Every structure is written in structure tokens, then in C-alpha cells.
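In: predicted structure and sequence below. I'll ask about it afterward.
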Amino acid sequence: MTLIKPFRGLRPAAGRAQEVAAPPYDVLSSSEARIRAEGKPHSFLHISKPEIDLPADTDPYAPSVYAKAAENLGTMLTAGVLVRDETPCYYAYRLSMPTANGLHVQTGLVAAASVAEYDANRIRKHEYTRPDKEDDRVRQIEALNAQTGPVLLAYPESAAADALIAAITANAADADLTADDGIRHEIWVLSDETKCAAITSTFEGMAALYIADGHHRSAAASRVAAARRQHGHELASDYFLTVIFPHHQMKILDYNRVVKDLNGLDQLVLVTRCQTAFAVEESAVRVQPSQVGEFGMYLGGKWYKLTIKPELVPSDPVASLDVSLLSDHLLAPILGIADLRTNKRIDFVGGIRGLGELEKRVDSGEMAVAFALHATGMTQLMAVADSSNVMPPKSTWFEPKLADGLVSHVLD
């Protein structure tokens with residue numbers, strides 16, 4: 001078995017990618033998915049969020065939901081909306097996202113990645129998973145006999161891999177669409193056996209790949225593979241669907257925090273107590289942290305810049321993360337929030353929503369204080385994974401998001 005391999009992708013038929021492509025299953029609620037799929041009978045949301053085709057009060061984890069997913073997939077196959085490539089292929093996948101500073105572009109590889117290497121931690125993790133979310137993905141995979149939600153991976157510095165992927169994109173894309181959020185998605189198909197073999201060999205030389213997003217999908221694929229495993233026989237389920245980007249192209253946004261109350265403190269006392277671990281400076285403008293160890297705090301209609309005292313930053317790859325520094329020196333000791341997973345007084349806001357969303361949550365009275373963080377870096381994520389540790393919850397927010405439905409992996 002190799003680290004990655006080409007596979008016979010299930011894709012939208014020529015000219016149909018625009019009507020099929022959908023946001024990832026886990027970024028929309030059921031009600032939001034119903035609205036997004038309205039009038040779009042071939043949206044992949046009918047497969048990834050099939051409860052939208054059942055009564056509104058249907059439990060999204062009910063057996064009927066997974067059965068509906070399989071039914072909808074069968075309908076799209078019969079109608080020829082989705083078709084299967086005849087031979088194993090690799091696929092180049094380019095994401096282009098407009099930003100305030102221009103156009104962010106990243107180009108990666110759609111590949112089947114080895115479950116065995118995931119189990120052996122060569123495909124490295126940085127988050128814990130929840131059994132209930134794993135169970136959901138296992139049921140979805142089993143119902144469809146396919147993996148339809150790609151896992152987002154990163155590969156370390158490799159000029160050779162970069163060049164091989166870039167070469168796939170020399171011609172016009174086989175699928176090219178711009179989603180309603182403005183993100184452009186392009187797919188190129190590579191079926192040439194010699195070129196595919198060169199890619200397989202190049203990736204085989206890498207020490208590790210890194211999960212950026214998709215820990216539950218990875219864990220679910222491992223469970224399905226274990227249940228189906230036949231010693232001496234390689235099965236499609238021994239691999240899982242991934243999109244692998246060079247780590248230096250990937251974009252992580254800040255993942256900010258809002259807290260409902262001040263733990264019995266008044267605002268002045270909170271500011272004063274922050275000075276134990278941070279240099280505190282009131283700001284006349286919004287504070288968007290520009291470097292590691294810098295935080296913005298929005299409190300009582302005012303912004304403050306908090307800078308962690310250098311002597312408090314440890315060398316440990318997890319404890320030195322900004323998300324850890326904020327938790328260890330402010331959220332836990334001052335605001336009484338020790339467990340980010342279970343404490344109902346804290347919520348999380350992806351950086352894609354901007355600092356205005358933090359002000360809105362506080363000014364409305366819903367929250368008492370907000371904290372803006374500097375985005376976690378890919379090298380930090382990789383260092384945590386290399387140390388076999390895990391990051392605190394809600395440490396990374398990747399943009400742009402992959403689309404569901406552009407390439408799926410059937411488990412023959």
C-alpha cells in the first residue's frame with residue numbers, strides 16, 4: 001500500500017458541476033441547507049444533508065435520513081448527473097478566493113489516502129474527535145458505499161510535488177464554477193498512468209501528511225475500513241477521500257471567542273486583572289492582532305490590545321499557541337472557563353465574519369466580552385501534530401472551504 005493512490009472518481013457529468021457542487025455538510029444547519037437547495041434538485045446537499053427532503057422535524061441522525069441519502073445518490077446516478085471515471089485518476093483542485101488584499105489561490109491534489117498510514121500516524125492528527133460525530137459519518141459512508149466529504153490535508157515543503165500538480169493544470173479545467181459565496185472551484189483530471197505513478201512516488205517519499213480539517217471523516221473512514229478489512233486483499237475502503245494542498249498555500253483565519261458574562265467581575269476589575277499576564281493598552285480602533293501573542297479585547301464599547309508577557313510563553317508547541325495562552329492566562333483563571341468543550345458561557349466566531357461580528361455580539365447584550373486572536377499558523381499546526389499532541393478546541397478556521405460533490409470515492 002502507498003501513502004496515496006489514484007482512484008475512479010465519481011463526478012458531475014460534463015457541464016453539470018455548477019448545479020451539483022455544495023458547501024461542506026458541516027457548515028450549514030438543516031434549515032440553512034433547505035434554503036440553499038431550494039429549486040436545485042441536483043445540489044449535492046440532497047446527498048450530504050438528506051434530511052432536507054424529509055419532514056422538518058426529522059431527526060438528522062435517523063435511519064431514514066441515511067436511506068434518503070442513498071436514494072438521492074441513486075437518482076442522480078440514474079439521471080446521469082453523476083458519472084464515474086473509467087480508470088483511476090488523480091485530480092488537481094484549485095480554489096480562488098477574493099480577499100481584501102487581492103486573490104488568494106491554492107492548488108492541490110484530490111487523492112485516495114491510506115487508512116493504514118492514518119492509523120500509524122503518518123497522516124497526522126491535531127484534534128480529538130467525538131464518538132457521536134464519528135458515528136454519523138460511518139452511517140453516511142455505509143449508506144452510500146462511498147466517501148463524499150473530502151478530508152483537507154496539507155503536505156510539507158516539496159517543490160517536486162508542487163511542480164507535478166501544477167503540470168496537471170496546464171490545460172483548461174474539466175470543471176470550472178464559481179459558487180454563490182464567490183469562491184471559484186476548478187478541477188482537472190489526470191488519467192495518464194506514468195504521470196500518476198510519478199505523483200504516487202513523490203508523495204511516498206514524504207515523512208507525513210497533516211489533517212487540516214476533517215478529523216471525524218478520517219476517523220469514520222478508519223472504522224469502516226476496519227469493519228471491511230480482508231487480510232491479503234486491498235479494498236477501496238482501505239483508502240479515504242482527501243484533497244492535499246501544499247502547507248505554504250493554505251489559509252487559516254482567526255477563530256475568535258465571545259463570553260456571556262464577566263464571572264462576577266465589573267469591567268474595570270477585569271481590565272486590571274488582565275494586567276497580571278498581559279500588557280494592556282486601550283485602542284481607539286478595532287484591534288486585529290498582527291502577531292503571535294497579541295489579542296484584541298472588546299469590552300463595554302471599547303477595544304483593548306492585550307500583549308502576553310514574553311516570559312509567560314513556553315516552548316511547548318501546544319501551550320505556546322495563542323488559543324492556549326488566552327485560555328491559560330485569562331479565560332480560565334479570570335473568567336472561570338476551564339473547559340472550552342463543555343462550558344456554555346463561551347462561544348466561537350470564525351474570522352471570516354470579521355471583527356464587526358464580535359462588536360455585534362457584545363453590543364447586543366448577548367455577550368459581555370469578545371476576544372480577537374491572531375490566526376494559528378500552519379507550521380504551528382504541524383509542530384503540534386508532529387509531537388503527537390492535540391490543539392485546544394476551535395483553534396483553526398480554514399478558508400476557502402472545499403465543495404462537496406465535485407469528486408467522490410466509491411467503495412467498490
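Out: That came in fine, so what should we check first?
In: how near is residue 226 to residue 412?
Out: Look at residue 226 and residue 412: by C-beta to C-beta, to the nearest Å, they are 18 Å apart. Where C-beta positions appear, they are placed from N, C-alpha and C, glycine not excepted.
In: again, but for residue 326
Out: 47 Å.
In: between those two, which one's more packed in?
Out: A direct count of neighbours by other C-beta atoms under 10 Å for residue 326 and residue 412 places residue 326 higher, at 22 against 11.
In: hang on, that one in a strand?
Out: No - under DSSP: H, G, I helix; E, B strand; the rest coil, residue 326 sits outside any strand and is assigned helix.
In: and whatever helix or strand residue 348 lives in, average pLDDT?
Out: Secondary structure from DSSP states H and E places residue 348 in strand 346-350. The average pLDDT for strand 346-350 rounds to 94.
In: which residues touch stretch 223-243?
Out: 1, 4-5, 7, 93, 108-116, 118, 134, 138, 141-142, 147-153, 209, 214, 217-218, 221-222, 402, 407-412 (C-beta atoms under 8 Å, 6 or more residues apart in numbering).
In: among these, which ones are in helices?
Out: 115-116, 118, 134, 138, 141-142, 217-218, 221-222 (DSSP state H).
In: make CSV out of these and add neighbour count and distance to residue 396.
Out: Below are those laid out as CSV (neighbours: other C-beta atoms under 10 Å; distance: C-beta to C-beta, whole Å):
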residue, neighbour count, distance to residue 396
115, 23, 23
116, 17, 26
118, 24, 19
134, 19, 19
138, 20, 24
141, 25, 24
142, 18, 29
217, 29, 16
218, 26, 15
221, 29, 21
222, 20, 21
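In: now for those: which two are most distant?
Out: Across the ones in helices among the contacts of stretch 223-243, no pair lies farther apart than 116 and 142, at 19.9 Å, counting by C-beta to C-beta.
In: need the three-state assignment for the nearest residue to residue 327 once chain neighbours are set aside.
Out: Of all residues not flanking residue 327 in the chain, residue 392 sits nearest, at 6.2 Å (C-beta to C-beta, 6 or more residues apart in numbering). Three-state call for residue 392 (three-state DSSP): coil.
In: chain center to stretch 318-334, what's the gap?
Out: 23 Å (C-alpha atoms, centre = their mean, to the nearest Å).
In: got the contact list for that stretch?
Out: 255, 257, 259, 263, 265, 270, 273-274, 276-278, 289, 292-293, 295, 306, 308, 312-314, 337-338, 340, 346, 371, 373-374, 376, 380, 384, 387, 389-392, 394-395.
In: tell me the buried residues within those residues.
Out: With burial judged by 16 or more other C-beta atoms under 10 Å, the buried subset of the contacts of stretch 318-334 is 255, 257, 259, 265, 270, 273-274, 277-278, 289, 292-293, 295, 306, 308, 313, 337, 340, 346, 371, 373-374, 376, 380, 384, 390-392, 394-395.
In: and the residues you listed, which of them are in strands?
Out: Using DSSP state E, the subset of the buried ones among the contacts of stretch 318-334 located in strands is 255, 257, 259, 278, 295, 306, 308, 346, 371, 373.
In: what's the separation between the fourth one and residue 163?
Out: With distances defined as C-beta to C-beta, the gap from residue 278 to residue 163 amounts to 45 Å.
In: try the second one
Out: Applying C-beta to C-beta, the value for residue 257 to residue 163 is 41 Å.
In: do the last one as well
Out: Residue 373 sits at a distance of 35 Å from residue 163 (criterion: C-beta to C-beta).
In: report the beta-bridge partner residues of the closest residue to residue 394 other than its chain neighbours.
Out: Spatial nearest neighbour of residue 394, excluding adjacent residues (C-beta to C-beta, 6+ apart): residue 348 at 4.3 Å. Note on residue 348: beta-bridge partners by DSSP bridges are residue 257.
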